[in-house]
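Student: Take a look and give me a structure for this.
(chains A and B)
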Amino acid sequence: MSEQIEKALSRKYEAGFVSEIESETFAAGLDEDVIRRISAMKQEPQWMLEWRLKAYESWLKMEEPEWAHLHYPKIDYQAISYYSAPKSMKDKPKSLDEVDPELLRTYEKLGIPLYEQQMLAGIAVDAVFDSVSVVTTFREKLEEAGVIFCPISEAVHKYPDLVKKYLGTVVPRSDNYFAALNSAVFTDGSFVYIPKGVRCPMELSTYFRINEQNTGQFERTLIIADEGSHVSYLEGCTAPQRDENQLHAAVVELVALDNAKIKYSTVQNWYPGDENGKGGIYNFVTKRGICHTKAHISWTQVETGSAITWKYPSCILKGDNSVGEFYSVALARGRQQADTGTKMIHLGKNTKSTIISKGISAGHANNAYRGLVQMGPNSDGARNFTQCDSLLIGDQCGAHTFPYIESRNPSAIVEHEATTSKVSDEQLFLCQQRGLDAEKAVSMIVNGFCKEVFKELPMEFAVEAGKLLEISLEGSVG
Amino acid sequence: MLKISNLHASVEEKNILKGLDLEIRPGEVHAIMGPNGAGKSTLGYVLSGREGYEVTEGSVEMQGQNLLDLETEERARAGLFLAFQYPVEIPGVSNMEFMKESVNAIREARGEEALSAADFLKKAKEACKQVNLPLDFLKRGVNEGFSGGEKKRNEIMQMILLEPKLCILDESDSGLDIDALQVVAKGVNSQRSPDRSFIVVTHYQRLLDFIEPDFVHILADGKIVKSGDASLAKEVEKTGYAWLGAKGEEKEA
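Tutor: Below is the predicted model of the structure:
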């Protein structure tokens, strides 16, 4: 393959800086005592602590999964610190003026201003730094509409009934190895509740940032859309450039009650490691939503970061006539490895799901799509459509597709289409002959390939995602 | 405009061009004809700087600049345009997006301001009309699902938008019916001007009935073996290439 493409692909990670912030960090290691201390730091009620301990108990009995198409050295769970918080957050700041300016600068550098007057109109942000939520904007405005948007640690205190009722109902404590670990040690994350019939007046978003060294990030997000409500939620993630691998094991649970709609978009840009595969985030994430009658959950993800991605945002289509969607762009370059896809579990009648997956591999990366479409015995008239496209850039990378289809209902219809293509020398030559340089050409071809997914993102983030791909593909020219 | 001297070029270590000389002045239209495997397409690729086409000897000057020193995109920005024989598809990238980036990259190189979306759209619509393409072609993916004739017309539309100095048309007539051929020819003729030159590569004399050349050259075995005016094309049409001592090869290089 042409040198120009190789050049265009040499990476630059723009979010790789480290913030000088004094933190309170637990010594590395995990045992029951660490979990008690995390719970104590957050002054949690007894029920929450017990919940964590039960999760820990099941985790101890579980084994790390090895079925994914991923290769990495064994993770030493005793070498990780399970809690880190900026010191300045100890006495919770009451307003932005009390927040450590260095923290605010960090988010500003990442292009996420936290002062409401500077915000993009119509987006409320929850900023999570290492293990704690720093600030949540526009809370008053949301409260007027009855929308709850706050750190989950706060929800445990303020809305214990909602948390108790739904936490762990979509992703049970012992669902899988990483979900169990998260359930035991999760530190913060966002909590959202949209009351009956309410259309959330603005986009909600959370920005996760890992800063501290040797620290894992275990956030937990719980979104409940009550009957007939609508919400659109976006999550963004970055981390500094470090030589060690860092573990990120998050859990996201979505509950869409009857006629509710949740749109969940992710722009994931964790540090991917250097060109030799040194450093980078290990991203092991469990995301799942449950749809009740006529409910609708849509996952859109743009995955450009992490050394390792293990992630399958899924929908349980429990209610009749419910709809699940999964739109994904996963870009892996350098030595990145991604094993990502979705599960669509059709239980109810006339349930529908759509899966559009776009995998892009460059450099020495490996990109796998893994998807399960399951039609249950009662899923009369259910339908799935899956389209799975892989784009290869260069000749050192790999694309793999692992589709699983299980149908227990003769009236269910499952369609699967898959393609693999390359950025060809001819395409590159056509672009260059029309005056575009190789970098621009590659990013244009890749953006075109991803178009079906990008159009599902909220406007502002579609632009951001396009730019992110461009930066990810940007060379060291000039 | 263009001065090619003793040009030798090879592809995958096979010599294709073996000492080609050609001089083109502003405003002239030169037709290049020849049997399969003579190196006609290679000439277009070498001039536009396609990777894998290696110049082993000779020189090419365009408007006083050493063309061979320039990257592919720099040659395009300097005003060289190649209309492809088989334009490739770029799925998901709309013609409109592609052309706007392209026009603005070239404008920028000329020190002109980038066109606004509205100004560009106006121009693009006019260009579309000139080659009888419906306006929805602007929204469609570059060459995605276009018929052979549509691709060729799309290339001419791009040429009209980019306002190049030197246009190389690589068999823009192949696979076209007579109506489409006339549309292509009309598009090209509308762009003829005293400061723009054309190299028209073709197998058949037919195209030259509609685009009248100032000179006709016969390319055989990597060299120009005979040059003349438009009447040379007609002669070749009747008698073939054999009398020129040219032998064809099975496959076009």
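Student: How about the secondary structure of the residue nearest to residue B:50 when sequence neighbours are not counted?
Tutor: Nearest non-adjacent residue to residue B:50, counting by C-beta to C-beta, 6 or more residues apart in numbering or on different chains: residue A:429, 5.3 Å away. (Each C-beta comes from the backbone N, C-alpha and C, glycine too.) Here residue A:429 is recorded as helix under DSSP: H, G, I helix; E, B strand; the rest coil.
Student: and residue A:429, what pLDDT?
Tutor: Residue A:429 carries a pLDDT value of 94.
Student: Who are the contact partners of it?
Tutor: Neighbouring residues of residue A:429 by C-beta atoms under 8 Å, 6 or more residues apart in numbering or on different chains: B:50, B:51, B:72.
Student: you'd agree the last one is up against residue B:50?
Tutor: Yes - taking C-beta atoms under 8 Å as the contact criterion, residue B:72 and residue B:50 are neighbours in contact, 6.9 Å apart.
Student: So for those two, which sits in the more crowded spot?
Tutor: residue B:72 (26 against 20; other C-beta atoms under 10 Å in any protein chain shown).
Student: For that one, which residues are in contact?
Tutor: Residue B:72 touches A:429, A:432, A:433, B:48, B:49, B:50, B:51, counting by C-beta under 8 Å, 6+ apart.
Student: Give me the pLDDT value at it.
Tutor: For residue B:72, pLDDT reads 95.
Student: Quick check: the gap between it and residue A:56.
Tutor: The gap separating residue B:72 from residue A:56 is 60 Å, by C-beta to C-beta, to the nearest Å.
Student: Next: residue B:153.
Tutor: 68 Å.
Student: More neighbours: which of those two?
Tutor: residue B:153 (24 against 20).
Student: How about that one, nearest residue that isn't a chain neighbour?
Tutor: residue B:131 (4.3 Å).
Student: Please, where are all the helices along chain B?
Tutor: For chain B, helices defined by DSSP state H occupy the ranges B:40-48, B:72-77, B:95-109, B:117-130, B:148-162, B:178-191, B:206-210, B:230-239.
Student: hey, least reliable of those by pLDDT?
Tutor: The bottom spot among the helices of chain B, by mean pLDDT, belongs to helix B:230-239, with a mean of 86.
Student: which parts of that one are buried?
Tutor: B:230, B:232, B:233, B:235, B:236 (16 or more other C-beta atoms under 10 Å in any protein chain shown).
Student: Can I get those residues in a markdown table including distance to chain A?
Tutor: A markdown table is the format used below for the buried residues of helix B:230-239 (distance: C-beta to the nearest C-beta, whole Å):
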| residue | distance to chain A |
| --- | --- |
| B:230 | 29 |
| B:232 | 29 |
| B:233 | 27 |
| B:235 | 33 |
| B:236 | 29 |
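Student: just the residues you listed now: which is nearest residue B:115?
Tutor: Looking at these and their distance to residue B:115, the nearest is residue B:230, at 37.5 Å (C-beta to C-beta).
Student: which bits of the stretch 101-250 of chain B sit near chain A?
Tutor: B:101, B:102, B:105, B:106, B:109, B:141, B:142, B:158, B:162 (C-beta under 8 Å from any C-beta of the partner chain).
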